[in-house]
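Q: mind looking at a prediction? Sequence and model below.
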Amino acid sequence: MGSNQSWVTEFVLLGFQLSTEMEAFLFWTFCLFYIFSLLANGMIFGLICLDLRLHTPMYFFLSHLAIIDMSYASNNVPKMLANLVNQKRTISFVPCIMQTFLYLGFAATECLILVAMSYDRFVAICHPLQYTVIMNRRVCNVLVVTSWSCGFILSLVHSVLLLRLPFCGPREVNHLFCEILSVLKLACADTWINQVVLLAACMFVLVGPLCLMLVSYLCILFAILRIQSREGRRKAFSTCSSHLCVVGLFFGIAMLVYMVPDSNQREELEKILSLFHSLFNPMLNPLIYSLRNAQVKASLYRILQRRPM
């Protein structure tokens, strides 16, 4: 029988090779960022659930983005924080594969949710009179379910292909967590199938969606330029600029990590870029999208005013 033989029962996450003092500094810094990320995304999710004025397609997608960001950060950051204060930086084989599965699943889902959000903005600006008809509840639910399903199906495919590989040493993962490219380097077999499937997945969740978003934003730009009101143009640009900032950061880093040819000199850079995806991006999304939004601030004020004295 062709059973999977894994001689390695645990991996060692090398992380950053830093002094004890620097690791302690990073631990407290990353800990604060992680707590802020959870609180900010949790607050956004709570406001959207509690305030009926935020029950619109745009905030519906934002609520799912907040869930993804909290889950995405919680998958990688706690283990990374533990490794900063613990010299034994081991992770068992099964938790490592599970970490890879969740990391890829949440990342792919976020890509597709961002596409759904760009489609929502396209309809809102280019077809405002038909917005409520096109972006009805059924359409929004279909877009969200499709995003989650496709994201985790792709992740499951990668994980199954990873499990079929034998790992017989070395066992040192030169990364902050079990990132798929770093784990594949430790396999004792040819990984060309994994590489091809990973490239195909990148085309599906990165290149294809990015092209769709660029086309939609070109249409949005032409529509904004036709708006007569200066205030209307400013409001439309403000709404879309937030989304473009997140898209540029998320897709740009992901394409740099997964679609640019690998080299030994890039390993430390890839750790920093992955750290940005896992820690800083979930923290920035609430700031870019929601906490500077007047409608969200008004919602927070109303919720606070409702509290009993």
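A: Everything's here; your move. Residues are numbered from 1 along each chain as shown.

Q: can you map out the helices along this protein?
A: With DSSP state H as the criterion, the chain has helices at 20-50, 57-85, 93-126, 131-134, 137-163, 180-184, 192-202, 208-225, 230-259, 267-275, 281-286, 294-306.

Q: elements contacting the fifth one?
A: Applying 3 or more C-beta pairs under 8 Å, 6 or more residues apart in numbering; DSSP states H and E, one finds that helix 137-163 contacts helix 57-85, helix 93-126, helix 180-184, helix 192-202. Using the backbone N, CA and C atoms, a C-beta is placed for each residue, glycine as well.

Q: recalculate using a threshold of 6 Å.
A: When contacts are defined as 3 or more C-beta pairs under 6 Å, 6 or more residues apart in numbering; DSSP states H and E, helix 137-163 sits against helix 57-85, helix 93-126.

Q: now Thr191: how far from Met135?
A: Thr191 sits 42 Å away from Met135, going by C-beta to C-beta, to the nearest Å.

Q: what about those two, which has more around it?
A: Regarding Thr191 and Met135, a neighbour count based on other C-beta atoms under 10 Å identifies Met135 as having more, with 22 against 18.

Q: need the winner for burial among the helices of the chain.
A: helix 281-286 (a mean of 23; mean count of other C-beta atoms under 10 Å).

Q: how far is that helix from where the chain is centred?
A: Relative to the mean C-alpha coordinate of its chain, helix 281-286 is positioned 9 Å out (C-alpha atoms, centre = their mean, to the nearest Å).

Q: equivalent analysis for stretch 286-299, please.
A: 20 Å.

Q: contacting residues around that stretch?
A: The contact list for stretch 286-299, computed with C-beta atoms under 6 Å, 6 or more residues apart in numbering, reads Ala40, Asn41, Ile44, Leu47, Asp51, Leu54, Ser242, Cys245, Val246.

Q: now for those: which two are most distant?
A: Between any two of the contacts of stretch 286-299, the greatest separation by C-beta to C-beta is 24.2 Å, found for Asp51 and Cys245.

Q: related to what we said a few turns ago, mean pLDDT for the helices of the chain - can I get that in a markdown table?
A: Converted to a markdown table, those look like this (pLDDT from 0 to 100):
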| stretch | mean pLDDT |
| --- | --- |
| helix 20-50 | 90 |
| helix 57-85 | 91 |
| helix 93-126 | 91 |
| helix 131-134 | 92 |
| helix 137-163 | 95 |
| helix 180-184 | 89 |
| helix 192-202 | 91 |
| helix 208-225 | 85 |
| helix 230-259 | 75 |
| helix 267-275 | 78 |
| helix 281-286 | 83 |
| helix 294-306 | 73 |
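
Q: tell me which of those sits nearest to Pro170.
A: helix 180-184 (11.7 Å).

Q: for that closest one, C-alpha coordinates in PDB please.
A: C-alpha atoms of helix 180-184 as PDB (Å, rounded to 0.1, in the frame of the first residue of the first chain):
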ATOM      1  CA  ILE A 180       3.700  25.900   2.800                       C
ATOM      2  CA  LEU A 181       6.800  26.900   0.700                       C
ATOM      3  CA  SER A 182       9.100  26.500   3.700                       C
ATOM      4  CA  VAL A 183       7.600  23.100   4.600                       C
ATOM      5  CA  LEU A 184       7.800  21.800   1.000                       C
END
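
Q: contacting residues around that helix?
A: Thr100, Val173, Asn174, His175, Thr191, Asn194.

Q: with that, I have no additional questions.
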